[in-house]
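>>> curious how this folds, go ahead:
(one chain, ligands or ions: 2)
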Amino acid sequence: MSDNDRIYAQPQAQVSDFTFNEAVVRVFPDMIKRSVPGYPTIVENIGVLAAQFARPDSVLYDLGSSLGAVTQALRRHVQAAGCRVIAVDNSAAMVERCHEYLHAQDSMFQELLPATVQEGDILDLDFQPCSVVALNFTLQFIAPEQRLALLTRIHQSLLPGGALILSEKLRFADAGEQQLLTNLHIGFKRANGYSELEIAQKRTALDNVMQPDSLEQHRERLQAAGFSKVVPWFQCLNFASLIALP
Ligand SMILES: Nc1ncnc2c1ncn2[C@@H]1O[C@H](C[S@+](CC[C@H]([NH3+])C(=O)[O-])CC(=O)[O-])[C@@H](O)[C@H]1O
Ligand SMILES: O=C(O)C(=O)Cc1ccccc1
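Numbering: from 1, shown residues only. Ligands and ions are numbered 1, 2, ... in the order given. Here you go, the predicted model:
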């Protein structure tokens, strides 16, 4: 289904910034599973959680959908009548492959929710009334100064009884905690077959592109955006997922 991730296996004279290009798309399912502790559990359970929050006749958003793993889980788990999934990603290569994956899912299962995938920047999205919004490891790629405005717009579009599900890599204010969890994450990657070179070069590539916040920053920003309750439901090492209620 997808190739093994060897993107950073050879030494590079200059490591350029990470982008979600064709080469990354080819290896993405392997890359994310070997890099994000708890990823398969988070994706599957976003479907399970969403089934509790989905309101009839509303939209479910998968923002920064990549290959649509969350969209697939939403389609399998949500039963509410009249719901549809809108997946959005600004990488043309991701969107193209996501279409193929969703068609394959259509041919394997019956009674799935309808889903569409659109190429676009989630910062420019004209939100429809929605009951579930998933930001599964996407907010960390949005410029920090844009994050509050995006979450505020999501909050304004969420229906009563709905929820935002936000998964992120976490940063820790305490230097010792940051060091410990960073080392444990490196150990996770090593255990999944990545070499020291691969780990170091990917870290350089992500440096300017992915800026994680602390759990406290997430709580404060979500409250500032209008969310009434923020509940962490999953953490594995330095990766966590939160439910935020409108
Ligand atoms: N401004 C933006 N607008 C739209 N898309 C964006 C933007 N910025 C980044 N992206 C997209 O957000 C995705 C982040 S990956 C999400 C995994 C997925 N949710 C999963 O559950 O498999 C996370 C990771 O690789 O760590 C990429 O596909 C980007 O193109
Ligand atoms: O690989 C990492 O270190 C990460 O933090 C997560 C990740 C996973 C897939 C693409 C980009 C970042």
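>>> what about I165, neighbour count?
I165 has 23 neighbours, counted by other Cβ atoms under 10 Å. For glycine as for every other residue, the C-beta is placed from the backbone atoms N, C-alpha and C.
>>> not counting its neighbours along the chain, what's nearest it?
Closest residue to I165 apart from its sequence neighbours, by Cβ to Cβ, 6 or more residues apart in numbering: A134 at 4.9 Å.
>>> show me what that neighbour bridges to in the sheet.
With DSSP bridges as the criterion, A134 is bridged to D62, I165.
>>> what distance do you get for it to L67?
According to Cβ to Cβ, to the nearest Å, A134 stands 14 Å off from L67.
>>> which residue of the two possesses the greater neighbour count?
A134 (30 against 23).
>>> does that one really touch D62, like I thought?
Yes - judged on Cβ atoms under 8 Å, A134 makes contact with D62 at a distance of 5.1 Å.
>>> report the set of residues contacting both of the two.
Residues touching both A134 and D62 by Cβ atoms under 8 Å, 6 or more residues apart in numbering: 70, 74.
>>> list the contacts of the residue of the chain found nearest ligand 1.
Going by Cβ to the nearest ligand atom, ligand 1 is nearest to G64 of the chain, at 2.8 Å. G64 sits next to 88-89, 122, 135-138, 141 when contact means Cβ under 8 Å, 6+ apart.
>>> cool, K229 as well?
So K229 contacts 243-245 (Cβ under 8 Å, 6+ apart).
>>> ok, the residue lying farthest from the centre of the chain to E196 distance?
Relative to the centre of the chain, the most outlying C-alpha is that of A13, 30.3 Å out, by Cα atoms, centre = their mean. Distance of A13 to E196, computed by Cβ to Cβ: 18 Å.
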